[in-house]
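>>> this is a predicted model, with the sequence first.
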Amino acid sequence: MRKMMAAVLTAAALVGLAGTASAQAEYPWPPADITPVHKTKAELQEQADRFTAHELESFPRIFPGAQDITAWTWGHEAAGLFDDMQYMNNAVKFTYQGRRVTVYPQIHAPGHYPITPKQLCERDKCTGERRDHRGGIVVFTELDEFGIRVATNFRPNGEVVWAQGTTADEPAQLAAVAVDRAYTFTR
């Protein structure tokens, strides 16, 4: 509980500080000395089960008052597909403040996210960026034409975790999902 609240407060601080300053200019990507992670199908399924349990536990704290929380099956390009996978994603759907919300978390194994923070901001509209509480950087982007908002956490171990929602979703809440260290390939 304390760790989750610290992550939420940190995410709120990140968003509060997020402006046009360029933390990404000084954040080297990819980090040196990345240790690749390769897991079996069974290990990936076990990891997916942990992620789902964590979502069902953490989303009510990140989105207070959320109801009818449903975590979809984790996978790669298709739910439950674990073929030599180096990233995983799913969707979490729920009702929050009277509207249906879907958050899409995606976790990339160390060294398997080819885009740098700078390239991300060149590709998408960068609305802010700041260091996280564990030595990484969170980059906030929006795709106005699709109404998408994303918090992307570049981590010192080479992992990248992002949480995508809509522009109606609070950046601090998306950042709280992205910086949550329960979402990792390295356990």
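Right, received. Where do you want to start? Numbers count the residues shown, from 1 in each chain.
>>> who touches M88 in this structure?
44, 47-48, 51, 74-76, 106-107 (C-beta atoms under 8 Å, 6 or more residues apart in numbering). Heads up, the C-betas are built off the backbone N, CA and C, glycines and all.
>>> quick check: it vs G98, distance?
Distance, M88 to G98, using C-beta to C-beta, to the nearest Å: 31 Å.
>>> so which bits of the top helix by length along the chain are buried?
Counting residues, the longest helix found in the chain (DSSP state H) is helix 41-62. Neighbour-count burial for helix 41-62 flags 44, 47-48, 51-52, 54-55, 58-59, 62 (criterion: 16 or more other C-beta atoms under 10 Å).
>>> adding distance to E122 and pLDDT, write these out as CSV.
Conversion of the buried residues of helix 41-62 to CSV gives the following (distance: C-beta to C-beta, whole Å; pLDDT from 0 to 100):
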residue, distance to E122, pLDDT
L44, 32, 87
Q47, 32, 92
A48, 32, 92
F51, 30, 96
T52, 34, 97
H54, 32, 98
E55, 31, 97
S58, 32, 97
F59, 32, 98
I62, 29, 97
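>>> mind putting the residues you listed into a markdown table with distance to D68?
Shown next, in a markdown table, are those (distance: C-beta to C-beta, whole Å):
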| residue | distance to D68 |
| --- | --- |
| L44 | 27 |
| Q47 | 25 |
| A48 | 21 |
| F51 | 19 |
| T52 | 16 |
| H54 | 18 |
| E55 | 13 |
| S58 | 16 |
| F59 | 11 |
| I62 | 15 |
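>>> shaky segments in the protein?
For the chain, applying pLDDT under 70 flags the ranges 1-25, 76-84.
>>> quick one: the helices in it, in order.
2-17, 41-62, 117-123, 171-178.
>>> quick one, what contacts the closest residue in space to R181 that isn't next to it in sequence?
The spatially closest residue to R181, leaving aside those adjacent along the chain, is R134, at 6.7 Å (C-beta to C-beta, 6 or more residues apart in numbering). Contact partners of R134, counting by C-beta under 8 Å, 6+ apart, are 155-156, 179, 181.
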